[in-house]
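Asker: task: produce atomic coordinates for the following.
(one chain, ligands or ions: 2)
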Amino acid sequence: MKAERVILGLESSCDDTAAAVIAGAPGAARILSSVVAGQGELHAEFGGVVPEIAARAHAEKLDICVRQALSQAEMQLSDIDAVAVTAGPGLIGGVLSGVMCAKGIAAGAGLPLIGVNHLAGHALTPRLTDGATYPYLMLLVSGGHCQFLIVRGAQDFTRLGGTLDDAPGEAFDKTARLLALPQPGGPAVEAEAALGDPRRFAFPRPLLDRPGCDFSFSGLKTALLRTRDGVMEGNRLRRRDRADLCAGFQAAVVDVLAEKTRRALAVYLDKAPADPLLAVAGGVAANQAIRAALEEVAEAAGAAFLAPPLALCTDNAAMIAYAGLELLTLGALDDMTLMARPRWPLDQSQAGMLGGGKKGAKA
Ligand code: KG4
Ligand code: ZN
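Answerer: Ligands and ions are numbered 1, 2, ... in the order given. Have a look, this model is predicted:
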């Protein structure tokens with residue numbers, strides 16, 4: 001069997017339709033193509049992702065993305081060794097579209113089929129981008145995910161904690177909505193926060209007083225709403241007030257993420273990993289204040305810090321193809337009975353710990 005494998009990956013669990021081709025071996029792979037077709041404008045007027053619209057758009061776009069990914073990689077289906085597809089967790093209609101498309105390709109081209117957990121795709125990205133060695137600590141922070149994972153292998157994850165309600169990106173998006181800022185809220189709130197005074201409004205730091213690595217972000221939104229109503233004059237929110245509200249909100253998120261990361265790092269470092277590493281993934285990792293705080297926490301604990309390029313931090317199919325490559329190497333193949341799973345906890349020992357997110361419950 002040749003050492004180098006070529007994998008076609010498909011992703012359709014939320015509002016990005018994606019296909020990618022990667023080649024190589026575990027810890028030493030390269031991206032030959034990565035096509036992502038966002039659906040932002042389809043959902044914009046609804047203020048959130050509409051599952052039925054998303055599923056239909058995935059079904060229409062998947063084969064186009066696959067064709068583009070193959071052509072950009074200068075590959076034919078006959079060059080591919082396996083098809084990897086997100087089989088959950090996520091919006092069921094979208095996941096189903098991807099699984100059906102992958103089954104069709106696998107059956108038609110006589111290729112092995114590999115169902116990938118979307119969260120494993122995010123969690124293994126540091127192996128794809130930087131050849132990170134196991135075990136490392138991953139903080140996944142996006143609009144739909146929020147959890148700490150000790151990553152020991154493509155099928156070996158320990159979840160140290162996660163959100164009990166909203167994901168942090170969702171909190172940024174809701175904050176933006178309450179302050180009449182554009183969506184996605186993260187970048188808009190960050191830009192406003194840079195102009196404001198983080199000390200003017202005292203927002204809560206949820207769950208800091210409790211031990212452990214769990215988060216809660218929904219109370220922050222209520223506090224923000226109450227504070228906003230206190231400073232509004234009629235329907236008018238002054239520029240200064242809006243900036244201070246954003247700065248105060250962001251400072252609270254930074255403090256909570258930093259402290260919980262400190263605790264998660266302590267648990268991880270207790271196992272004496274050879275090359276300690278804290279890695280982040282997810283759209284919220286784009287936030288400079290959050291990134292800087294996490295980097296500082298890692299450095300203080302004696303761990304390296306890694307934030308993959310943003311295009312690979314957010315939803316994409318290269319990470320799914322890469323996870324598929326590791327699973328293929330482990331012999332973890334699926335067949336035509338592969339099912340789409342709306343929920344799929346990575347750490348099966350903690351199946352009861354579910355965190356929410358705007359994209360539905362995330363395992
Ligand atoms: O990973 P992602 O593209 O999609 C998923 O949610 O899976 O993350 C998008 C989320 C949005 O909620 C967005 O507001 C947030 O990441 N985000 C940010 C920033 N850029 C994007 N949050 C805070 N600061 C940012 N600069
Ligand atoms: Zn994701």
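
Asker: domains of this protein?
Answerer: Here the domain parsing of the chain from automatic domain parsing is 5-129+314-330, 134-311.

Asker: out of those, which is closest to ligand 1?
Answerer: With C-beta to the nearest ligand atom as the criterion, ligand 1 lies closest to domain 134-311 of these, at 1.9 Å. In this view, the C-beta of every residue, glycine as well, is placed from N, C-alpha and C.

Asker: JSON lines for the domains of the chain, including mean neighbour count, distance to ligand 1 and mean pLDDT?
Answerer: As requested, these are exported to JSON lines (neighbours: other C-beta atoms under 10 Å; distance: least, C-beta to the nearest ligand atom, whole Å; pLDDT from 0 to 100):
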{"stretch": "domain 5-129+314-330", "mean neighbour count": "22", "distance to ligand 1": "3", "mean pLDDT": "94"}
{"stretch": "domain 134-311", "mean neighbour count": "19", "distance to ligand 1": "2", "mean pLDDT": "95"}
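
Asker: mind putting the ones you listed into JSON lines with distance to Gln348?
Answerer: Listed next are those as JSON lines, based on distance: least, C-beta to C-beta, whole Å:
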{"stretch": "domain 5-129+314-330", "distance to Gln348": "11"}
{"stretch": "domain 134-311", "distance to Gln348": "9"}
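
Asker: nearest to Leu338, of these?
Answerer: domain 5-129+314-330 (4.6 Å; C-beta to C-beta).

Asker: now do the end-to-end distance for the closest one.
Answerer: Counting by C-alpha to C-alpha, to the nearest Å, you get 13 Å between the two ends of domain 5-129+314-330.

Asker: next one: the lengthiest helix in the chain to chain centre, how far?
Answerer: Looking across the chain with DSSP state H, the single longest helix is helix 239-269. Counting by C-alpha atoms, centre = their mean, to the nearest Å, helix 239-269 is centred 18 Å from the centre of its parent chain.

Asker: what about Gly162, which SS state?
Answerer: Judged by DSSP: H, G, I helix; E, B strand; the rest coil, the three-state class of Gly162 is strand.

Asker: that one - nearest residue in space that isn't next to it in sequence?
Answerer: Leaving aside its sequence neighbours, Gly162 sits nearest to Gln147 (C-beta to C-beta, 6 or more residues apart in numbering; 3.4 Å).

Asker: pretty sure the one you found sits against Phe157.
Answerer: No: using C-beta atoms under 8 Å, Gln147 is not in contact with Phe157, being 9.6 Å away.

Asker: quick revisit: for the host helix or strand of the residue nearest to Gly162, which strands pair with it and how are they oriented?
Answerer: Element membership for Gln147, per DSSP states H and E: strand 146-153. As defined by DSSP bridges, the strand partners of strand 146-153 come to strand 136-141 (antiparallel), strand 156-162 (antiparallel).

Asker: which outside residues touch it?
Answerer: 119, 123-124, 134-140, 157-163, 167-168, 213, 215, 217, 260-261, 264, 267-268, 271, 282, 326, 330, 346-347, 355, 357, 362 (C-beta atoms under 8 Å, 6 or more residues apart in numbering).

Asker: on that earlier part again, which elements pack onto the longest helix of the chain?
Answerer: If you count contacts as 3 or more C-beta pairs under 8 Å, 6 or more residues apart in numbering; DSSP states H and E, helix 239-269 packs onto strand 136-141, strand 146-153, strand 156-162, helix 168-178, helix 185-193, helix 218-231, helix 288-301.

Asker: out of the ones you listed, which is closest to Val50?
Answerer: Closest to Val50 of the helices and strands packed on helix 239-269 is helix 168-178 (C-beta to C-beta; 15.0 Å).

Asker: report the angle between the axes of the closest one and helix 239-269?
Answerer: The directions of helix 168-178 and helix 239-269 differ by 170 degrees, with axes from the mean of the first three to the mean of the last three C-alpha atoms, to 10 degrees as the criterion.

Asker: the inter-axis angle of helix 168-178 versus helix 288-301?
Answerer: Interaxial angle, helix 168-178 versus helix 288-301 (the same axes, to 10 degrees): 150 degrees.

Asker: helices and strands around helix 168-178, which ones?
Answerer: In terms of contacts (3+ C-beta pairs under 8 Å, 6+ apart), helix 168-178 is packed against helix 185-193, helix 218-231, helix 239-269.

Asker: now render these as a markdown table, adding distance to Leu111.
Answerer: A markdown table is the format used below for the helices and strands packed on helix 168-178 (distance: least, C-beta to C-beta, whole Å):
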| stretch | distance to Leu111 |
| --- | --- |
| helix 185-193 | 38 |
| helix 218-231 | 43 |
| helix 239-269 | 37 |
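
Asker: what's the closest of those helices to Met75?
Answerer: Closest to Met75 of those, according to C-beta to C-beta: helix 185-193, at 34.5 Å.

Asker: can you tell me the element the closest residue to Met75 other than its chain neighbours falls in?
Answerer: Excluding its sequence neighbours, the residue lying closest to Met75 (C-beta to C-beta, 6+ apart) is Val21, at 5.7 Å. Taking DSSP H and E as the definition, Val21 sits inside strand 16-25.

Asker: so what strands line up beside that strand?
Answerer: Applying DSSP bridges, strand 16-25 is found paired with strand 5-11 (antiparallel), strand 28-38 (antiparallel).

Asker: just the C-alpha atoms of that strand, please, in CSV.
Answerer: Output in CSV follows, covering the C-alpha atoms of strand 16-25 (Å, rounded to 0.1, in the frame of the first residue of the first chain):
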residue,chain,number,x,y,z
ASP,A,16,-20.9,26.3,4.4
THR,A,17,-20.9,23.9,1.5
ALA,A,18,-17.3,22.7,1.1
ALA,A,19,-15.1,20.2,-0.8
ALA,A,20,-11.4,19.7,-0.6
VAL,A,21,-8.6,17.4,-1.7
ILE,A,22,-5.6,16.6,0.5
ALA,A,23,-2.7,14.3,0.1
GLY,A,24,0.0,12.8,2.3
ALA,A,25,0.1,10.9,5.6
